[in-house]
Structure formats: structure tokens, C-alpha cells
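Q: Quick one, what's the 3D model for this:
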Amino acid sequence: MAQDFYSLQEMAPRFGVDADVFIKAWLDEKLPLYIHFGSDSPPCTIRRCIPRQLHEYARDDILYGRDLYQSKDSPDHDTLIFIPEHPLSAHLEVKAQYELEEGAGPGLGAYYEYRYRGSARGYWLAKPTSVTHLSQGRYLLTDKDSVGDVTVHALDIFDYLIFSKPAYILQLSLFARVNEVRELFPDVSDSVTEEKINLMGNIGDTSALTKKRPAKMFFALYLIIHEWCAKNKKGEPTLSNVVDYLKTVCDKSPELGTITRWAERPELESNIEKRWMPRQEIALYFLLRVYCEEKKSENHHWQ
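A: Here you go, the predicted model:
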């Protein structure tokens, strides 16, 4: 169900775990992450891998909406669908393929590759590539035959999407499933009770939740980052300075993406109840210490 999915921006404060932890688990292939496509999703082509024994009826099933990505009877219908562009017969391509070793096909031997254009909806599996770890903030969606950060698959890993134009996904816009997070991180607790979840109804409808005020510590961390950092020509803090400094004093220093989120002005009220995490407390301590030491040195210099 859609209620099982939450973006990393929602999931991190919900479980009191920084989004970087989820991203690392995803890069290590320990935690699946998903991309949500809505009505504004970019047009794309789906590449499907049809086993030889299903090929006889597959074409008609696709043309008449009986396949697993269109039929309401599909077990995955509540999670994802693919809406073909019509007339479908004009661009439906079918090629016979043969798999000699494990790779693009469902198994060794003959299979058929189907390709047709349309639009994806729902939650599709995001798979990192060999270059994903080098990206910051957003990822370029790609396919098996192109260079990019993330390939997009159906729940059947051999079926994936191909984008004709560059399409990007923000890191914090990736989604995780609550049950999969709980399975990987059994020691973390969900800060949102089931009662509150029921009050929310459909995902995105948070009108029934009480507005939460963020802890003063979030403002303290935000202020010290902006006060201590040198400013660039645009008057913005040079956040890489924070990253470099914390690397010298912390065993596990936060990455630039994390510091960037800490440097965003906290909302006065929010539907998301954020948790103050130990790594934030450590960063605040060291930043306050170096700030005070530098101020003390400046005062001593002018005496």
C-alpha cells in the first residue's frame, strides 16, 4: 500500500536516523529505495523481459490491458502501473533474445524483449550504478545501456525504464518502505505512532496532526554554522569548511549533504517531529568550541 512508503526526508526524522544512513545501506545493496512517479512523470519506454513460455499471449495481454502493469487484478497494481502511449501497436517492439550467462534475461536460454512507450506511476525500484556514490544531492536516471546514477526497475528486476530525455531525482525524494527499514534496523523505533498514522489517512494528508515545534538545538546548530563559516561571494556559508573541520575532530564526520540540511533554516512549525541526533550534538559542541576559541584569540590580539 502507498502508506508503507515515505520519502527519506520524512523517514529520517521519523526514525531518528540520518538520511545518509539509508543512502549508505542502499549503496551497499542492503536496503531497497524507490522512486515515486505521479501524474507529472516524464515520458519513458519500458523494457520488459518475457520468458519464452509466456510469449504466445504476452503481446495481446499488453495490447488489451491484461498484463501485470495495467490490470487491476495484478498483485502489484496498488504499488505501480505503466500506462502505454496509444496507439500502442504503432510502437510496440518485440525482439527474440538469447541469454548465454546471467545478466539481462530471467535465465539461460531464449526469451523475448518487449519495448513500448508510456508513463510510469507509483513506486518503482531504484538501483544504484557504479558511479552513484560520486553524486551529491540529486541523481541522473538512466538505463542498462547508458551512463547515469540510478536505473529504475519494476518489482521484476529484469523490467526497467528508459528515459529519452535527462531526468533527475533528488536524494531526499527517494522513498523507503517502513517494514524494510524496520527489518534492517530493528533497534530503531518509529517516532510516529500507529494512531497518528491512521489519523493521517492518505499519504500527504497531515491536517489531522498537531503541529510540532523543533527543538532549540536545531536553531543553535543552524546559527553556529552560519556564524562560524566564511561566506562566498553570494554571502552563503562555505559549508565545505564545516565538513573539513569535523573530519579533523570526529571519528565519523557527516558528509556535505548532511551539513547542507543542517544549514537550512528550521521551520517554526512542522508536521514532522524531528529527533535531535547524537551526531548533531557532537557537531554543535565542536563548532561552538572552535568558534569560542577563535573569538578569544581575536580579543587577545586586540588587547
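
Q: Which pLDDT value does the model give T258?
A: Reading off the confidence values, T258 has pLDDT 81.

Q: Need phi/psi at the nearest residue to it once chain neighbours are set aside.
A: Nearest non-adjacent residue to T258, counting by C-beta to C-beta, 6 or more residues apart in numbering: D20, 5.4 Å away. C-betas here are computed from N, CA, C, even on glycine. Here is the backbone geometry of D20 (degrees, to the nearest 10): phi -60, psi -30.

Q: how about D20, what does it touch?
A: P254, E255, G257, T258 (C-beta atoms under 8 Å, 6 or more residues apart in numbering).

Q: From R47, how far off is it?
A: 32 Å (C-beta to C-beta, to the nearest Å).

Q: Do a quick rundown of the strands in the chain.
A: For the chain, strands defined by DSSP state E occupy the ranges 5-7, 33-37, 44-51, 80-84, 93-99, 109-128, 138-142, 150-153, 160-163, 168-170, 175-177.

Q: in its sheet, what does the third one sit against?
A: According to DSSP bridges, strand 44-51 forms sheet pairs with strand 109-128 (antiparallel), strand 160-163 (antiparallel).

Q: And the longest one, what's buried?
A: Meaning strand 109-128. 111-114, 116-128 (16 or more other C-beta atoms under 10 Å).

Q: Domain-wise, how is the chain divided?
A: 5-194, 216-300 (the TED database).

Q: R52 is in contact with E113, isn't it?
A: No: if you go by C-beta atoms under 8 Å, R52 and E113 don't touch, sitting 11.7 Å apart.

Q: Just say which of the domains of the chain is most tucked in.
A: Among those, domain 5-194 has the highest mean neighbour count (mean count of other C-beta atoms under 10 Å), at a mean of 16.

Q: for the record, mean pLDDT for that domain?
A: Computed over domain 5-194, the average pLDDT equals 88.
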